[in-house]
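[1] Let me see the structure of the following:
(one chain, ligands or ions: 1)
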Amino acid sequence: MESLCVQEHEQISAFKFADDGTIKVTGRDLNECLYYLEIALDSIGGWTSKWRMVINCNTNKTEVICFSCKDIAAVPTTFQLCGNTIQLTDSSKVLGITIDRRLNYRQHSQNVLNNLMYRWVCISRYTNRNWGLNQRVLVRLTKTVIFSCLFYGSLIWQNNTNLVQLNKFWYKVAKSAVGAVFNIQQAIAEAILGVPPLSVTGRILAVKHYLKALSNTDDIHKRFLLNEVTSKNPVVLSHMKDIIRFIKWKHEYNPGFTSPSDTELLNNGFGMEDLFKLTKRTCHYSRGLIDKFTELLWQESIKNQLQLEGWPIIPRVSLSPLPLPHGTSREQEVLIMSLLYKNNLLNSFLSRLDRTRWNSSLCSCGCEDQTVIHLLTRCLLIEDTIRDQASYLLTTGNEVNMEKLDDLGPVAALLKRPQFHGSVSFACS
Ligand SMILES: [Zn+2]
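    The predicted model follows:
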């Protein structure tokens with residue numbers, strides 16, 4: 001393909017991957033586009049007959065799609081290729097991503113969502129609040145079965161509009177994994193599961209992708225990047241800001257990771273254009289570094305959100321899962337996690353929810369409101385020996401502090417006690 005027409009005209013470019021090929025034709029107006037498309041199609045026709053290759057011209061195999069066209073009605077609906085007819089379409093699947101005429105990727109996003117919902121229905125058959133797969137397994141499954149699909153090519157198609165739907169779906173998954181009965185704040189569910197918000201994961205993937213591109217001296221993605229930065233593409237610019245953050249953060253974290261020439265750049269007010277001068281060493285990242293940087297962005301995002309809502313203490317987030325002891329049953333695990341969010345099954349929440357069913361927020365000991373802090377530090381119905389072992393859990397109110405959850409043995413024991421168990425789960429019906 002290239003040998004025939006691409007080199008002659010800058011308006012025609014070819015992209016190939018394995019047995020898949022795409023020809024892009026650009027022009028100032030429709031007529032110019034059609035003119036160059038004709039040249040490209042003729043050239044492909046000539047090439048294929050020379051090499052005796054047959055192109056499958058069926059729909060979904062070979063198609064024409066037209067982007068940013070003001071008058072789509074003026075575009076011919078069929079084209080001729082090697083004597084066969086190919087159709088003009090509104091969307092076409094290229095390497096697993098459905099590209100639509102308007103480039104908003106709404107259709108691809110919907111396809112992904114349908115696919116994910118099916119996968120999630122399959123997974124959720126094997127778990128509920130009381131039995132089945134535990135949250136550790138659910139998180140692992142989510143990452144491998146759901147996120148792999150959700151973030152495939154996300155850099156291209158995920159935008160704020162598409163993310164709204166996907167985020168609603170992810171909320172359902174997170175809520176089920178936590179085993180929450182009532183609505184749980186999404187940021188808290190994510191903190192409990194040790195899974196960052198979708199937007200943070202998306203930003204991290206972009207950082208990784210672009211760092212790879214920037215570390216090469218000559219790379220098609222690097223040229224694209226330079227082009228987009230020059231034309232001030234807002235999406236790319238926000239990704240570039242994250243990369244600058246990462247480079248600066250990494251340098252602070254360990255100056256030895258930055259090459260001497262780049263250290264000089266960093267010391268002299270690092271700018272967007274300096275990104276394209278970076279050496280391979282500075283662009284290098286490891287899994288551990290990326291994990292730390294993810295936690296940094298995640299912590300920032302949860303802080304911004306919860307501070308706005310008036311939370312006095314912000315949970316400290318971590319990618320490592322809750323250290324629940326081996327052999328904890330799903331039921332126990334769900335109860336333990338319910339201590340980490342507000343809308344659980346304790347009277348203090350239930351009475352706010354429905355006064356006719358739960359007339360008081362008082363604990364069954366009659367002393368004060370049945371809150372997590374009460375149960376673990378002051379409730380008369382719970383023996384002191386157990387409470388003293390467990391109270392360290394909740395030294396700072398409702399904070400979800402992963403560090404303090406090193407040993408949940410005593411809490412698990414506490415939760416098995418009939419009076420506690422009763423007070424937590426009596427309202428399930
Ligand atoms: Zn009590």
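
[2] Okay, whatever residue of the stretch 201-350 of the chain ends up closest to the ion and Ile382: tell me how far apart.
    The stretch 201-350 of the chain approaches the ion most closely through Asn347 (9.3 Å), counting by Cβ to the ion. Using the backbone N, CA and C atoms, a C-beta is placed for each residue, glycine as well. Using Cβ to Cβ, to the nearest Å, Asn347 is found at 15 Å from Ile382.

[3] Would you verify that Ile99 is located in a helix?
    No - read with DSSP: H, G, I helix; E, B strand; the rest coil, Ile99 is strand and lies in no helix.

[4] Does the residue nearest to it when sequence neighbours are not counted belong to a helix, a strand or coil?
    Leaving aside its chain neighbours, Ile99 sits nearest to Ser92 (5.7 Å; criterion: Cβ to Cβ, 6 or more residues apart in numbering). Using three-state DSSP, the structure places Ser92 in strand.

[5] which residues does Ser92 contact?
    60, 63, 65, 98-99 (Cβ atoms under 8 Å, 6 or more residues apart in numbering).

[6] same deal with Trp120?
    146, 169, 172-173.

[7] Buried subset of those residues, written for ChimeraX?
    Of the contacts of Trp120, the buried ones can be selected in ChimeraX as follows, counting by 16 or more other Cβ atoms under 10 Å:
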select :146,169,173
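
[8] and the contacts of Trp120 as JSON lines, adding distance to the ion?
    Converted to JSON lines, these look like this (distance: Cβ to the ion, whole Å):
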{"residue": "Ile146", "distance to the ion": "40"}
{"residue": "Phe169", "distance to the ion": "38"}
{"residue": "Lys172", "distance to the ion": "33"}
{"residue": "Val173", "distance to the ion": "34"}
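
[9] and stretch 343-359, which residues are buried?
    343-351, 358.

[10] May I have the distance across stretch 132-145, first residue to last?
    Terminal residues of stretch 132-145 are spaced 18 Å apart (Cα to Cα, to the nearest Å).

[11] residue ranges of the helices in the stretch 251-400 of the chain, please?
    In the stretch 251-400 of the chain, the segments counted as helices under DSSP state H, counting those that start in this stretch are 260-267, 280-283, 287-308, 330-338, 347-353, 372-373, 384-390.

[12] For Gln158, which of the ones you listed is the nearest?
    Closest of the helices of the stretch 251-400 of the chain to Gln158 is helix 287-308, at 16.0 Å (criterion: Cβ to Cβ).

[13] Which neighbouring elements make contact with the closest one?
    helix 186-193, helix 198-215, helix 234-253 (3 or more Cβ pairs under 8 Å, 6 or more residues apart in numbering; DSSP states H and E).

[14] who's in contact with that helix?
    Helix 287-308 has contacts (Cβ under 8 Å, 6+ apart) with 187, 190-191, 196-197, 199-201, 203-204, 207-208, 242, 246, 249-250, 253, 257, 314-319.

[15] and what of stretch 268-279?
    With contact meaning Cβ under 8 Å, 6+ apart, stretch 268-279 is reached by 214-215, 222, 225-226, 229, 237, 240, 243-244, 247-248, 259, 261-262, 265.

[16] one more time with 7 Å, if that's ok
    214, 226, 229, 240, 243-244, 248, 259, 261-262, 265 (Cβ atoms under 7 Å, 6 or more residues apart in numbering).

[17] got the buried residues for that stretch?
    270, 275, 278-279.

[18] and if you look at stretch 12-31?
    Under 16+ other Cβ under 10 Å, the buried positions of stretch 12-31 are 12-14, 23, 25, 30.

[19] where do the strands sit along the protein?
    12-17, 20-25, 63-65, 78-81, 84-89, 91-94, 97-100 (DSSP state E).

[20] need the ones you listed in a markdown table with mean pLDDT and distance to the ion, can you?
    Output for these, formatted as a markdown table (pLDDT from 0 to 100; distance: least, Cβ to the ion, whole Å):
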| stretch | mean pLDDT | distance to the ion |
| --- | --- | --- |
| strand 12-17 | 86 | 64 |
| strand 20-25 | 89 | 65 |
| strand 63-65 | 93 | 66 |
| strand 78-81 | 90 | 76 |
| strand 84-89 | 91 | 66 |
| strand 91-94 | 90 | 59 |
| strand 97-100 | 93 | 55 |
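
[21] Next, format the ones you listed as CSV and append distance to Glu333.
    Putting the strands of the chain into CSV (distance: least, Cβ to Cβ, whole Å) gives the following:
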stretch, distance to Glu333
strand 12-17, 44
strand 20-25, 45
strand 63-65, 49
strand 78-81, 59
strand 84-89, 49
strand 91-94, 41
strand 97-100, 37
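
[22] mind checking which of those strands is nearest Leu116?
    Closest among these, using Cβ to Cβ: strand 97-100, at 14.8 Å.

[23] so what strands line up beside that closest one?
    strand 91-94 (antiparallel) (DSSP bridges).

[24] Please identify the buried residues of the strand it pairs with?
    Those buried within strand 91-94 under the rule 16+ other Cβ under 10 Å are 91-92, 94.

[25] And for stretch 66-81?
    Buried-residue list, stretch 66-81, by 16+ other Cβ under 10 Å: 66, 75, 79, 81.

[26] re earlier: would you tell me which one of the helices and strands packed on helix 287-308 is buried the most?
    helix 186-193 (a mean of 23; mean count of other Cβ atoms under 10 Å).

[27] Tell me which residue of the protein is furthest from the middle?
    Lys50 (46.7 Å; Cα atoms, centre = their mean).

[28] Enumerate every residue touching it.
    Contacts of Lys50 (Cβ under 7 Å, 6+ apart): none.

[29] Domain boundaries for the chain, per the record?
    2-99, 104-195, 203-289, 330-428 (automatic domain parsing).

[30] just so I know, which of the strands of the chain lies nearest Asn114?
    Nearest of the strands of the chain (Cβ to Cβ): strand 97-100, 11.8 Å.

[31] just how off-centre is that closest one within its chain?
    In terms of Cα atoms, centre = their mean, to the nearest Å, the gap separating the centre of strand 97-100 from the centre of its chain is 19 Å.

[32] got the residues of the stretch 301-429 of the chain near the ion?
    363, 365, 379 (Cβ under 5 Å from the ion).
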